[in-house]
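**Student:** With the sequence up front, the predicted model follows.
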Amino acid sequence: MTMSVKETIEKRRSYRSLEPVEITLDLIMDLAEMAKITPSCGNKQPWRFVFVYDKQVLQQLFTVLSEGNKWVEKASMIMGVFSEPKNDCRIGERLYYLFDTGMATAFIMLRATELGLVAHPIAGFDESSAKEILGVPNAMRLITLVIVGRHTETVNPVLSDSMKLGEKQRPPRKAIEDFIYINKYKE
Ligand SMILES: Cc1cc2nc3c(=O)[nH]c(=O)nc-3n(C[C@H](O)[C@H](O)[C@H](O)COP(=O)(O)O)c2cc1C
């Protein structure tokens, strides 16, 4: 069954109750194809990804997570997302490497969602330790780790109460009028 882009965006959730899912090189290549055709400033394609599904490397990454990210230990794959400013355009004060890498990451996350997977980005990890484990050069920014697994209805007991609630309903959002403006921005 194919899903529309709208349906895929609506289905995507940052679930934290995960069960194992088989990871194959075919899956990784399918996801990588989505990044390959993402737009970027001057077509510079600044994004870099390291896909980790080796159990030993996963175990190492589990040691560099923030306290609230114990749920990550159920991950079947972790995708490290990294880049550096010189990979992309700089137009005056505007640096595009984070924007373009974010777009490619979002496209990968949506494709993973369409394939029935959870792809949950996190910022809660120790960057320098994670870079060492992943072999990411020091000069680069390890922007996020995207946690991949299959969602299970059995709520992970390590979750805080608010995280448990988040499994059942999407966390509240700002009203649209708080972030869009028609014709001109108004404070
Ligand atoms: C850049 C970024 C960093 C995040 N870091 C964490 C994190 O460290 N731990 C975590 O459990 N969730 C993390 N999240 C997930 C957010 O909490 C989640 O996207 C938000 O609550 C909205 O929920 P939803 O994605 O299910 O709509 C992060 C999301 C983003 C985009």
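**Tutor:** It's in. Numbers count the residues shown, from 1 in each chain.
**Student:** Is residue 98 in contact with residue 140, as I believe?
**Tutor:** No - applying CB atoms under 8 Å as the test, residue 98 and residue 140 come out as separate, 12.0 Å apart. The C-beta positions use only the backbone N, C-alpha and C, and glycine is treated the same way.
**Student:** Look up the residues that both of these two are in contact with.
**Tutor:** Jointly contacting residue 98 and residue 140 under the rule CB atoms under 8 Å, 6 or more residues apart in numbering are residue 83.
**Student:** How about the residue of the chain at minimum distance from the ligand: what's its closest non-neighbour residue?
**Tutor:** The ligand sits closest to residue 124 of the chain, with a gap of 2.9 Å, by CB to the nearest ligand atom. Using CB to CB, 6 or more residues apart in numbering and skipping the chain neighbours, the partner closest in space to residue 124 is residue 66 (3.4 Å).
**Student:** Residue 47: how many residues sit nearby?
**Tutor:** By the criterion of other CB atoms under 10 Å, residue 47 has 25 neighbours.
**Student:** scratch that, residue 115
**Tutor:** 14.
**Student:** How about residue 85?
**Tutor:** 15.
**Student:** Contacts only, for it.
**Tutor:** Per CB under 8 Å, 6+ apart, neighbours of residue 85: 95, 97.
**Student:** Let me know the pLDDT of it.
**Tutor:** Here, the pLDDT recorded for residue 85 equals 98.
**Student:** One more: residue 187?
**Tutor:** 88.
**Student:** who does whichever helix in the chain runs longest touch, helix- and strand-wise?
**Tutor:** Under DSSP state H, the helix in the chain containing the largest number of residues is helix 97-114. Where contact means 3 or more CB pairs under 8 Å, 6 or more residues apart in numbering; DSSP states H and E, helix 97-114 is packed against helix 5-11, helix 25-36, strand 77-83, strand 118-122, strand 141-151.
**Student:** Next one: the fourth one, is it in contact with the ligand?
**Tutor:** Going back to what we said before, that points to strand 118-122. Yes - interface with the ligand: strand 118-122 contributes 121, 122 (CB under 6 Å from any ligand atom).
**Student:** what mean pLDDT would you report for that strand?
**Tutor:** pLDDT averaged over strand 118-122 gives 99.
**Student:** residue ranges with poor pLDDT in this protein?
**Tutor:** 1 (pLDDT under 70).
**Student:** one more time with 90
**Tutor:** 1-2, 187 (pLDDT under 90).
**Student:** and it, which of its residues are near the ligand?
**Tutor:** So the chain meets the ligand at 13, 14, 16, 69, 121, 122, 123, 124, 144, 170, 171 (CB under 6 Å from any ligand atom).
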